[in-house]
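S.K.: Attaching a predicted model along with its sequence, questions to come.
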Amino acid sequence: MSLQSNDLHEAEPLIEARDLIKDYGSARVVDHVSLQIFRGETLGLVGESGSGKSTVARMLLRLIEPSAGEILYNATEADGQQRTLDLMRIPPREMRRLRRRLAIVFQDPYAALDPRMTVQQTLAEPFAIHGERPPQGLEARLDELLSEVGLDRSALRRYPHEFSGGQRQRINIARALALRPDLLVLDEPVSALDVSVGAQVINLLRDLQQRYGLTCLFISHSMPLVRYLCHRVAVMQRGRLVETGTWSEVCETPREAYTQQLLAATPELPVA
């Protein structure tokens, strides 16, 4: 079963990219990519390896500097007022402040964790960096985060090497959700996991998505996963967006031959 996109779109998207370009020397890896992500939806960005999808995701978060383009973020301030920020133009100090609202889960669950830090230190780090204290207290919030991702508090004193790959990715997801971000980028979060373990993580993500109304950018090369988890789909090929639409438009009636090839290349996964 796939997600529906009814009534998700507001007057303005949460984040919008306009004509993003990324050049490395004479090679253009992202070529005039424009996309929108609306509050409460998951946008799937799909394509084969090397298509530029992860580069787009990292540019949206300013982890990679675009060569050209605009990134507009409609931020909601503490007083409830909305303010449109051009992330390409704000100073580094303000960008650091905004990072609490823009989180990412990387592909390799082990490489994303500091092997010298316990889970407790890992989950507490975002609060320390941004000078925040949860209303219910830090200890209670860490317990809550572990419960949300299907782990118990006995994990707090353990180190990354003591967990399986799927458990490590659950820890990464908990850390990304710690400060309740506006946007969660999921950069191929299950591609390094066994199929059955990856299916469990995908089901966890779908549950969190539905429970908290998360706004996500889901990067994948798997059309079946995108169909299962995403409201809309954007297909990338060689640095360009070639097709965008709802999951039913793109996955059931694709216009582009490249999209049809992606659909044919990946089997259904046991995520239901």
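M.R.: Ah, there it is. Numbers count the residues shown, from 1 in each chain.
S.K.: tell me which element the spatially most central residue of the chain is part of?
M.R.: Closest to where the C-alpha atoms of the chain average out (Cα atoms, centre = their mean) is residue 185, at 1.5 Å. For residue 185, the element it lies in under DSSP states H and E is strand 183-187.
S.K.: per-residue confidence for the residue nearest to residue 108 when sequence neighbours are not counted?
M.R.: Nearest in space to residue 108, with sequence neighbours left out and distances taken as Cβ to Cβ, 6 or more residues apart in numbering, is residue 192 at 5.4 Å. C-beta here means a position set from N, CA and C on the backbone, and glycine is covered the same way. With respect to pLDDT, residue 192 scores 87.
S.K.: was I right about residue 192 contacting residue 111?
M.R.: No: with contact defined as Cβ atoms under 8 Å, residue 192 does not reach residue 111; the gap is 9.1 Å.
S.K.: Among these two, which residue is more densely surrounded?
M.R.: Ranked by neighbour count (other Cβ atoms under 10 Å), residue 192 and residue 111 place residue 192 first, with 17 against 11.
S.K.: In contact with that one, which residues?
M.R.: Residues in contact with residue 192 (Cβ atoms under 8 Å, 6 or more residues apart in numbering) are 107, 108, 109, 165.
S.K.: Low-confidence regions, the stretch 1-150 of the chain specifically.
M.R.: 1-11 (pLDDT under 70).
S.K.: Can you identify each of the helices in the stretch 1-150 of the chain by residue range?
M.R.: 53-60, 92-98, 119-129, 138-148 (DSSP state H, counting those that start in this stretch).
S.K.: Run through who's touching the helix or strand residue 210 falls within.
M.R.: Taking DSSP H and E as the criterion, residue 210 maps to helix 195-212. For helix 195-212, the surrounding residues in contact (Cβ under 8 Å, 6+ apart) are 3, 42, 148-150, 164-166, 169-170, 173, 177, 186, 189-191, 193, 214, 216, 225, 228-229, 269-271.
S.K.: Could you do stretch 106-125 as well?
M.R.: Defining contact as Cβ under 8 Å, 6+ apart, one finds that stretch 106-125 is touched by 105, 138, 142, 145-146, 155-161, 165-166, 168-169, 171-172, 174-175, 178, 187-189, 191-193.
S.K.: rewinding a little: most neighbours, which of the contacts of residue 192?
M.R.: residue 109 (25 neighbours).
S.K.: now that one: how far from residue 175?
M.R.: As for residue 109, its distance to residue 175 is 11 Å (criterion: Cβ to Cβ, to the nearest Å).
S.K.: Sounds good, over and out.
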